[in-house]
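Student: no sequence on this one, just coordinates:
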């Protein structure tokens with residue numbers, strides 16, 4: 001078109017007329033030939049030439065009499081050209097234009113983009129977008145290359161355009177461009193990427209409508225996940241990752257910053273426009289697009305954002321409602337299963353050794369925590385059959401890391417169910433409680449398949465011990481949580497039993513524990529495996545090394561110490577005794593030897609192991625009858641003596657428990673055999689074996705067993721046994737350490753037994769002291785002959801004063817005699833205390849017989865260096881025994897005729913040169929005053945002279961004690977006694 005036509009009022013008037021005609025005349029032949037000149041004219045109209053030439057002219061009178069400016073005229077021309085071009089292009093079809101035709105050149109389309117970008121009028125710009133949409137239908141290949149520029153122009157227009165027409169024009173453009181794009185690339189992701197790139201320039205109020213229409217055009221089910229992926233990628237690419245040593249960025253700060261970004265907020269906003277039936281599957285697609293064999297730090301950060309987003313969406317009220325109501329259950333459960341599988345895959349990527357990239361510690365920790373939180377939410381929402389099915393699919397994954405993560409997730413979910421279901425749910429999805437309570441019909445078959453898949457891992461994972469260990473642990477958890485009569489448990493027990501002998505201590509330990517759990521489930525159905533179980537468990541417990549470490553390849557684990565095997569052994573033994581106790585007779589000897597002789601079970605080095613072993617030993621005594629247990633205990637006794645104190649103590653602890661549960665028939669049948677074993681053990685003190693370090697401890701347990709036995713005996717059973725004990729204690733042993741032919745060690749042991757018999761049988765045992773009275777006197781009065789006691793220390797120098805030497809020889813005791821006399825005094829005290837029957841033991845003859853020997857102990861000098869021997873009775877303990885024994889002797893006798901000689905003998909001790917004797921005498925007097933009360937006043941006359949002397953004693957404790965006694969006597973008598981001084 002000549003330039004002259006394009007200048008002046010007449011030219012513009014003429015141009016407008018022509019354009020109006022072209023717009024109305026649609027049947028012109030070969031209209032497509034007008035496309036090129038119309039684009040040229042369009043280019044002119046957007047140039048500055050027209051505006052400068054006609055800028056100041058008032059040139060046209062409208063038919064309505066309204067004056068129009070140059071700018072409005074140019075806009076009118078531009079809009080008309082757009083309409084004509086759109087009409088012409090719309091009349092064409094893709095078949096009318098060959099690839100070589102130049103009807104719509106690329107330069108024309110570029111011009112169209114520039115026009116849209118430079119247009120200042122809203123209507124003009126809308127016409128440009130509308131034409132662009134029409135052109136894209138005819139020549140999509142030429143249009144799509146310029147799509148980013150078009151969208152950039154559109155994004156800028158959204159700031160000022162929010163009218164319905166503009167929105168409709170843009171939606172029409174999207175509707176037209178999407179099929180063209182998909183026909184060319186068969187992928188909508190790049191198209192979404194273009195839109196995401198321009199979103200920051202789009203007005204906030206227009207972003208959502210644009211994207212929703214785009215998603216609707218593409219298809220929400222297929223495109224929503226990709227949109228999330230692109231949004232989070234955009235977020236991460238803009239955000240600076242903290243360096244590995246940047247400790248200023250806490251996990252909470254990073255999360256808060258991420259959630260404040262427009263991409264994250266926009267993703268939340270988009271989700272809110274759809275039901276969970278649409279956006280929940282998109283979460284699966286999101287994680288699928290994030291999969292990578294070797295992710296970089298940016299991808300891990302993107303995964304972190306995605307996990308935070310997923311965690312937030314899983315707590316959506318709509319999801320909770322559907323899970324609780326069961327609405328759309330099949331679809332929801334299937335989606336949760338797929339989502340769980342994807343999360344588990346990403347979890348193993350984070351922990352994989354191959355992916356130990358330089359991620360900041362705070363980010364890696366938060367990522368792991370988020371993954372754990374997401375998995376927890378997912379598993380809580382899944383029904384049991386769906387959860388098992390998803391785990392089965394994960395176990396079929398080629399990656400061992402995925403398999404191990406699946407097994408670990410299974411264990412954690414099953415373990416936590418009981419605890420979590422009792423808590424209030426605030427930020428997590430509730431468990432589908434009804435399906436997790438027990439195995440229903442739909443879950444039972446899947447459960448069997450799951451166990452078989454796990455069992456296959458235990459058989460085939462020799463190259464990956466950590467996976468095998470996880471699989472074994474999973475079987476244990478499943479057996480404990482879902483006990484049933486399913487046949488798969490028998491298959492599992494057979495396989496696990498074989499693996500007990502694994503060279504790896506951790507695997508062996510896990511197999512032992514799992515076998516125990518399976519036995520608890522199977523009960524008597526585990527009987528066919530019992531021989532193999534016992535053989536393998538006993539063999540493993542005997543040969544496990546003290547410090548076992550397994551060295552394998554890079555993926556192996558370091559085995560734990562043998563303590564884990566020994567702890568696991570207690571677990572399986574408990575199950576065997578509880579469920580198969582009636583069938584353990586062939587193995588009782590081995591079991592008793594294991595629990596009595598194995599150092600780990602008796603040493604107490606591990607408190608937990610010792611407690612478990614104690615529980616097993618108690619269980620043995622509860623479940624195994626004494627007729628079966630007696631023979632193993634008799635046989636193990638000799639080995640226990642060699643093993644030492646702990647084994648012996650445990651042996652007789654078990655025997656005590658066995659005896660405590662014996663019925664009358666068993667007591668009649670086995671009491672003599674049990675007594676013989678105990679009497680045999682009581683002779684250990686005399687033997688001075690090097691393996692026995694703490695004879696007092698061992699002897700205590702033996703005596704406890706004897707006491708438990710005697711408590712079940714009748715008079716006719718007990719008496720002959722007690723006579724045998726007396727004969728045993730007084731038997732003539734050819735050893736140097738004897739008292740008139742009687743062994744001192746046996747005497748100590750015997751009176752330790754007598755002391756306990758008196759304490760437990762009380763008044764029933766008092767009559768038996770008639771057999772002991774003379775012996776007690778002998779022990780209390782025997783002089784100190786040549787002492788070869790192994791505790792006795794040699795004197796460093798001789799005493800030249802024969803008088804002092806004689807006194808030392810008369811009163812200083814060896815350690816053995818000191819201990820023996822303390823036991824005799826304790827026994828006599830209990831005899832006096834419980835002598836309450838009609839036929840009193842402490843009659844006048846016995847009183848007179850015992851009085852002097854007992855009172856004479858006040859003048860006995862304690863052994864030298866007594867404090868060095870912790871097992872010996874202390875001086876204070878013996879002092880208390882003397883006071884209580886002599887005092888109780890007076891109380892029990894109940895006669896002032898007997899009190900008088902006792903009181904006199906005691907008072908005579910207050911004149912001893914030994915301070916200890918004087919104090920003990922006063923303590924006994926004080927005991928008599930306090931217990932006899934007014935009855936003691938008959939003895940007041942003979943007591944006062946002694947008190948007068950003691951009130952002037954040079955030793956303050958003696959003087960003080962005498963004053964206290966005098967004060968009590970004055971209180972009882974009601975008068976001042978000092979007048980008699």
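Tutor: Nice, I can see it. What you see is a predicted model; the values in this text were computed from it and never measured.

Student: Apart from its chain neighbours, what residue comes closest to residue 261?
Tutor: Leaving aside its chain neighbours, residue 261 sits nearest to residue 235 (5.0 Å; criterion: CB to CB, 6 or more residues apart in numbering). C-beta: built from backbone N, CA, C; applies to glycine.

Student: Likewise for residue 521?
Tutor: residue 483 (4.3 Å).

Student: Residue 226 too?
Tutor: In space, residue 226 is closest to residue 189, 5.1 Å off (CB to CB, 6+ apart).

Student: So that neighbour sits against residue 233, correct?
Tutor: No: in this structure, residue 189 is not within contact of residue 233 by CB atoms under 8 Å, at 10.8 Å.

Student: out of the two, which sits in the busier spot?
Tutor: residue 233 (21 against 15; other CB atoms under 10 Å).

Student: mind listing what the more buried one touches?
Tutor: residue 302 (CB atoms under 8 Å, 6 or more residues apart in numbering).

Student: Helix or strand for it, just tell me which one.
Tutor: Per DSSP states H and E, residue 233 falls inside helix 220-238.

Student: could you measure residue 859 against residue 816, distance?
Tutor: According to CB to CB, to the nearest Å, residue 859 and residue 816 sit 19 Å apart.

Student: who's more crowded, the two?
Tutor: residue 816 (22 against 18).

Student: Surely that one touches residue 745?
Tutor: Yes: Residue 816 lies in contact with residue 745 (CB under 8 Å); the separation is 7.3 Å.

Student: For residue 660, list the residues it contacts.
Tutor: Counting by CB under 8 Å, 6+ apart, residue 660 touches 621, 708.

Student: try it again with 7 Å
Tutor: residue 708 (CB atoms under 7 Å, 6 or more residues apart in numbering).

Student: Give me the nearest residue to residue 169, chain neighbours excluded.
Tutor: Once flanking residues are discounted, residue 169 sits nearest to residue 126: 4.5 Å by CB to CB, 6+ apart.

Student: pLDDT value on that neighbour, please?
Tutor: The confidence metric pLDDT takes the value 79 at residue 126.

Student: what kind of secondary structure is it in?
Tutor: With DSSP: H, G, I helix; E, B strand; the rest coil as the basis, residue 126 sits in helix.

Student: same deal with residue 837?
Tutor: Per three-state DSSP, residue 837 ends up coil.

Student: my read: residue 706 touches residue 752, true?
Tutor: No: applying CB atoms under 7 Å as the test, residue 706 and residue 752 come out as separate, 10.3 Å apart.

Student: Identify the residues contacting the closest residue to residue 662 other than its chain neighbours.
Tutor: Among residues not flanking residue 662 along the chain, residue 626 sits closest, at 5.3 Å (CB to CB, 6+ apart). Counting by CB under 7 Å, 6+ apart, residue 626 touches 658, 662, 666, 670.

Student: Next: residue 593.
Tutor: Residue 593 touches 636, 639, counting by CB under 7 Å, 6+ apart.

Student: Name the helix or strand for it, please.
Tutor: With DSSP H and E as criterion, residue 593 is part of helix 588-597.

Student: neighbours around residue 291, how many?
Tutor: Around residue 291 there are 13 residues (other CB under 10 Å).

Student: Next one: it from residue 436, what distance?
Tutor: The value you get for residue 291 to residue 436, if CB to CB is used, is 30 Å.

Student: do the same with residue 774
Tutor: 76 Å.

Student: Among these two, which residue is more densely surrounded?
Tutor: Between residue 774 and residue 436, residue 436 has the larger neighbour count (other CB under 10 Å), namely 23 against 10.

Student: Touching, the more buried one and residue 417? I think so.
Tutor: Yes: if you go by CB under 7 Å, residue 436 and residue 417 touch, sitting 5.4 Å apart.

Student: just checking, next helix/strand downstream of the lowest-mean-pLDDT helix or strand in the chain?
Tutor: Lowest on mean pLDDT, DSSP states H and E among the helices and strands of the chain sits helix 802-811, with a mean of 41. Following helix 802-811 in sequence order, the next helix or strand is helix 815-833 (DSSP H and E).

Student: ok, residue 939 - contacts?
Tutor: 899-900, 903.

Student: just to revisit the earlier point, quick one, phi/psi of the residue nearest to residue 521?
Tutor: The phi/psi pair for residue 483 (degrees, to the nearest 10) reads phi -70, psi 130.

Student: and it, how many residues sit next to it?
Tutor: The burial count for residue 483: 17, using other CB under 10 Å.

Student: That one touches residue 522, doesn't it?
Tutor: No: judged on CB under 7 Å, residue 483 makes no contact with residue 522 at a distance of 9.0 Å.

Student: separation between residue 164 and residue 209?
Tutor: 11 Å.

Student: of those two, who's got more company?
Tutor: It is residue 209, of residue 164 and residue 209, that has more neighbours when counted by other CB under 10 Å, with 15 against 7.

Student: ok so that one is a strand residue?
Tutor: No: counting by three-state DSSP, residue 209 is not found in a strand; it is helix.

Student: do you know how far residue 564 is from residue 612?
Tutor: 12 Å.

Student: Please apply the same query to residue 269.
Tutor: Separation of residue 269 from residue 612 (CB to CB): 58 Å.

Student: List the buried residues of the helix holding residue 593.
Tutor: For helix 588-597, burial by neighbour count (16 or more other CB atoms under 10 Å) applies to 588, 590-597.

Student: and if you look at stretch 750-765?
Tutor: 750-758, 761, 765.

Student: Check stretch 266-275 too.
Tutor: Those would be 266-267, 270-271, 274, for stretch 266-275 by 16+ other CB under 10 Å.

Student: Mark which of those are part of helices, please.
Tutor: Counting by DSSP state H, the buried residues of stretch 266-275 place 266-267, 270-271 in helices.

Student: quick one, domains of the protein?
Tutor: Following automatic domain parsing, the chain resolves into domains at 1-91, 243-254+278-437, 438-550+557-583.

Student: I'd like the distance from the second one to the chain centre, please.
Tutor: Its chain's C-alpha centre lies 20 Å from the corresponding centre of domain 243-254+278-437 when counted by CA atoms, centre = their mean, to the nearest Å.

Student: Give the rounded mean pLDDT of that domain.
Tutor: 81.

Student: helix, strand or coil for residue 398?
Tutor: The three-state assignment at residue 398 reads coil, by three-state DSSP.

Student: if I look at residue 527, how far off is residue 17?
Tutor: Distance from residue 527 to residue 17, by CB to CB: 109 Å.
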